[in-house]
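Student: Got a predicted structure plus its sequence, pasted below:
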Amino acid sequence: MGENRVVGVLFVCSGNICRSPSAEGVFRSIDSAGLGGWHVGEMPDPRARAAARKRGIHLSGQEARKVVEADFGGFDYVIGMDRKNRTGLLGKCPAGQEDRVHLFLDFVSGAETAEIPDPYYDGDDGFGRVLDLIEAASRALHVHIRQNHLNT
């Protein structure tokens, strides 16, 4: 195997204020972005921050941003939270870099669902459910990265 290196991961959802910043908070050394620019410069949704804070996850210091073409060359993994996000990412992805685009729950063997639902229009309970799925997917992604990229 090669030497250890930083593996770049970008988490993407629709607006970058609920699911992707929550995933970034869980996986901390990672970045997140949104497909749309509606919330650029905003902090994560207050409900996402509150749900994360209850688990000791801090989303402070994050600001929503939009996916840019350079992200596909700058990250080894560009991960959509749902199929619509993945389709949108593939539409923005430069030719030859499509293998970097993934659906987050694809890393979870036997996942009960294929997508991390958008909790934006649901009640506060939806944010806890999203964190459950993100934590499971983050553990599985971490194992995948260790098995495929690192000497540990």
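Tutor: Ah, there it is.
Student: Quick check: longest helix in the protein by residues?
Tutor: helix 125-149 (DSSP state H).
Student: can you pull the buried residues of it?
Tutor: Of the residues in helix 125-149, those buried under the neighbour-count criterion (16 or more other Cβ atoms under 10 Å) are 126-127, 130-131, 133-138, 140-141, 144-145, 149. Just so you know, the C-beta spots here come from the backbone N, C-alpha and C atoms, and that holds for glycine as well.
Student: gap between the two ends of stretch 117-130?
Tutor: Distance between the two ends of stretch 117-130: 7 Å, counting by Cα to Cα, to the nearest Å.
Student: what do you get for stretch 80-97?
Tutor: Taking Cα to Cα as the measure, stretch 80-97 stretches 15 Å from start to finish.
Student: Any buried residues in that stretch, and which?
Tutor: By neighbour count, and taking 16+ other Cβ under 10 Å as the criterion, the buried residues in stretch 80-97 are 80, 81, 82, 85, 86, 88, 89, 92, 93.
Student: Chain neighbours aside, what residue packs nearest to the third one?
Tutor: Right, residue 82. Setting aside the residues directly before and after it, residue 82 is nearest to residue 115 in space (Cβ to Cβ, 6 or more residues apart in numbering), at 3.9 Å.
Student: and the one you found, what element?
Tutor: Here residue 115, judged by DSSP states H and E, is contained in no helix and no strand.
Student: Name the residues of stretch 104-120 that are buried.
Tutor: By neighbour count with 16+ other Cβ under 10 Å, stretch 104-120 contains the buried residues 104, 105, 106, 107, 108, 111, 115, 116, 118, 119, 120.
Student: cool, stretch 28-46 as well?
Tutor: If you call a residue buried by 16+ other Cβ under 10 Å, then stretch 28-46 has these buried ones: 30, 31, 32, 33, 34, 35, 39, 42, 43, 44, 45.
Student: what's the closest of these to residue 71?
Tutor: Within the set of these, residue 33 lies nearest residue 71; the separation is 6.5 Å, counting by Cβ to Cβ.
Student: For the closest one, which three-state class applies?
Tutor: Secondary structure of residue 33, reduced to three states by DSSP: H, G, I helix; E, B strand; the rest coil: strand.
Student: wait, what's in contact with it?
Tutor: 10, 11, 12, 16, 20, 64, 65, 66, 67, 68, 71 (Cβ atoms under 8 Å, 6 or more residues apart in numbering).
Student: between the residues you listed, which has the most around it?
Tutor: For these, neighbours were counted by other Cβ atoms under 10 Å; the highest total belongs to residue 20, with 34 neighbours.
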